[in-house]
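1. Structure here, sequence nowhere to be found:
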């Protein structure tokens, strides 16, 4: 009898500990390439641009004023995956596709790698890592991936030139005469959905990189049918898009500018068609999560890596420090996050690293430039005086707070826009005497150090 009692006393704490221990929280991260502020809007076309994302947004927190850390792919992804600003790493553009052995990023730990070091199973596919951060992370990033053991396709199939293909400069679009089931993003979504429908013994960090709506805008005809150019209702371009800009900040007009302006709604229509296709891919992934056993213990983060502009200030792409290039969709949902919440405070994609670490209950990661969004996830109206910083090249920065966008270039040129009265950023107030205090208050948030640009690798062409 005494032996049995002793055995019970030895086993009881173990059983009690197992019962009390909560399972680790999984992470599902979905990044959509070049998805701008059209996501979630219902006023640009007769059909919703992103109905799957809109539906998902009701389950958690919408960050309506989210800004990327850099307005092009490589530095943006390097920033949110490393938790370090471009001004900290010296990664400013897409042509920087390798790193010296002594580079800061070679000594840092990427977001997925940090989760792996905490016992997570890493699964990922599609365009998640970009060139510089991939070089830092090493060749084998994922434990499980769709591309494992084979070379992923880099180029989307194109429609025949005589059957609906259009091209103006770097922009190409047209209907694909094949089904969405044959396309790479759809296959990625199916792989991720299957992963999510299965039980997993280890907690997982699953990252999915949807390539559309990145150019070229080749998607099946069914998506073009949803957005006829005549139905697009975005504001027209200004009579003079350079009005009020410092001379050094003026974009050079494109050789194809006249044709781009004339066919602007066609371009936007094609972009919306590609966005809707990408949204269907997101929906397929989310359905796998809903249908499987992992939804209750999974944090979901969906966002775009940078925006996209259609002629504003003569910019027909991304890369500027203005709202069109810097503003991105960001939605976070999961355990402990209240549904149907919207936060209008400015936040940065740089904040994702510390936020996910805290949401998952992991030890805090030191040395990050971003801050956790946990206070806003608990209360979207909480006090928040930190503007979001976007960087485009050495010493070129934009700061976005609840009201203002302030841009400061390396040569000292400035722009200042009041988003309460000028959401299209057409009236530059930087030279107005009344703006001096506003600028001074924002300038204190500029980086105290700007790391010189890391050189390109020999022969490297980078990526778009």
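-> That came through, no problem. As the structure is a prediction and not an experimental result, all values here were calculated from the model.

2. going forward, measure contacts between C-alpha atoms and count neighbours the same way
-> Will do.

3. For the stretch 51-200 of the chain, which segments count as strands?
-> Secondary structure of the stretch 51-200 of the chain (DSSP state E, counting those that start in this stretch): strands at 61-63, 66-67, 121-126, 166-168, 171-176.

4. Pick the most buried one from those.
-> Counting by mean count of other C-alpha atoms under 10 Å, strand 66-67 has the highest mean neighbour count of the strands of the stretch 51-200 of the chain, with a mean of 28.

5. Direction included, what does it pair against?
-> Sheet pairing of strand 66-67 (DSSP bridges) gives strand 327-328 (antiparallel), strand 347-348 (parallel).

6. Could you save the ones you listed as CSV and add columns showing distance to residue 125 and mean pLDDT?
-> As requested, those are arranged in CSV below (distance: least, C-alpha to C-alpha, whole Å; pLDDT from 0 to 100):
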stretch, distance to residue 125, mean pLDDT
strand 327-328, 21, 98
strand 347-348, 24, 98
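
7. Quick one: closest of the strands of the stretch 51-200 of the chain to residue 146.
-> Taking C-alpha to C-alpha, strand 121-126 is the member of the strands of the stretch 51-200 of the chain nearest to residue 146, at 5.7 Å.

8. which helices and strands sit right next to the host helix or strand of residue 417?
-> Using DSSP states H and E, the element containing residue 417 is strand 414-418. When contacts are defined as 3 or more C-alpha pairs under 8 Å, 6 or more residues apart in numbering; DSSP states H and E, strand 414-418 packs onto strand 404-408.

9. which parts of stretch 363-376 are buried?
-> For stretch 363-376, burial by neighbour count (16 or more other C-alpha atoms under 10 Å) applies to 368, 369, 370, 371, 372, 373, 374, 376.

10. of all those residues, which comes closest to residue 57?
-> So of the buried residues of stretch 363-376, ranked by how close each gets to residue 57 (C-alpha to C-alpha), first place is residue 376, at 15.7 Å.

11. Quickly note the distance from the closest one to residue 383.
-> 9 Å (C-alpha to C-alpha, to the nearest Å).

12. mind checking how far residue 435 is from residue 414?
-> 11 Å.

13. meant to ask about residue 200, not that
-> 52 Å.

14. Looking at the two, which one has more neighbours?
-> Using other C-alpha atoms under 10 Å, the more surrounded residue of residue 200 and residue 414 is residue 414, with 22 against 13.

15. Check what pLDDT the nearest residue to the more buried one once chain neighbours are set aside gets.
-> Spatial nearest neighbour of residue 414, chain neighbours left out: residue 408 (4.7 Å); criterion: C-alpha to C-alpha, 6 or more residues apart in numbering. On the pLDDT scale, residue 408 is placed at 98.

16. heads up, I number from 794, so please use that
-> Okay, residue one is now 794; in that scheme the one you just asked about reads as residue 1201.

17. who touches residue 1201 in this structure?
-> By C-alpha atoms under 8 Å, 6 or more residues apart in numbering, the contact set of residue 1201 is 1188, 1189, 1190, 1191, 1207, 1208.

18. Make a markdown table from these and add pLDDT and distance to residue 831 to it.
-> Formatted as a markdown table, those follow (pLDDT from 0 to 100; distance: C-alpha to C-alpha, whole Å):
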| residue | pLDDT | distance to residue 831 |
| --- | --- | --- |
| 1188 | 98 | 29 |
| 1189 | 98 | 25 |
| 1190 | 98 | 23 |
| 1191 | 98 | 21 |
| 1207 | 98 | 27 |
| 1208 | 98 | 24 |
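
19. Which one of those is nearest to residue 970?
-> Of the contacts of residue 1201, the one sitting nearest to residue 970 (C-alpha to C-alpha) turns out to be residue 1191, at 41.9 Å.

20. Please pick the buried ones from the contacts of residue 1201.
-> For the contacts of residue 1201, buried by 16+ other C-alpha under 10 Å: 1188, 1189, 1190, 1191, 1207, 1208.

21. Nearest to residue 1107 among those residues?
-> Proximity of the buried ones among the contacts of residue 1201 to residue 1107 was ranked by C-alpha to C-alpha; the top entry is residue 1208 with 15.7 Å.

22. residue ranges with poor pLDDT in this structure?
-> Counting by pLDDT under 70, the chain contains low-confidence ranges at 794-816, 932, 940-950, 953-957, 1250-1257.

23. could you show me where the helices are in it, in order?
-> Counting by DSSP state H, the chain has helices at residues 795-813, 844-850, 866-875, 879-882, 904-910, 924-930, 977-989, 1014-1017, 1050-1055, 1057-1084, 1116-1119, 1145-1152, 1167-1171, 1229-1236.

24. could you redo those helices as TSV and give each row distance to residue 1214?
-> Compiled in TSV, these are given as follows (distance: least, C-alpha to C-alpha, whole Å):
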stretch	distance to residue 1214
helix 795-813	53
helix 844-850	27
helix 866-875	29
helix 879-882	31
helix 904-910	38
helix 924-930	39
helix 977-989	39
helix 1014-1017	34
helix 1050-1055	26
helix 1057-1084	25
helix 1116-1119	14
helix 1145-1152	30
helix 1167-1171	25
helix 1229-1236	16
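
25. Which among the ones you listed is found nearest to residue 936?
-> From these, taking C-alpha to C-alpha, the stretch that ends up closest is helix 904-910, at 9.2 Å.

26. ok, back up a step: who wins for proximity to residue 1048 among the strands of the stretch 844-993 of the chain?
-> The nearest among the strands of the stretch 844-993 of the chain, by C-alpha to C-alpha, is strand 959-961 at 10.0 Å.

27. ok, that closest one: who's next to it in the sheet?
-> In its sheet, and by DSSP bridges, strand 959-961 pairs with strand 964-969 (antiparallel).

28. Okay, angle between the strand it pairs with and helix 1057-1084 too, please.
-> Relative orientation of strand 964-969 versus helix 1057-1084 (axes from the mean of the first three to the mean of the last three C-alpha atoms, to 10 degrees): 60 degrees.

29. And the contacts of strand 964-969?
-> Contacts with strand 964-969, where a contact means C-alpha under 8 Å, 6+ apart, come from 950-952, 957-960, 1008-1014, 1017, 1060, 1063.

30. do the same with stretch 1151-1162
-> If you take C-alpha under 8 Å, 6+ apart as the criterion, stretch 1151-1162 is touched by 817-819, 875-878, 911, 1092, 1143-1144, 1147, 1150, 1165, 1167.

31. ok now it, how far from the chain's centre?
-> 20 Å (C-alpha atoms, centre = their mean, to the nearest Å).
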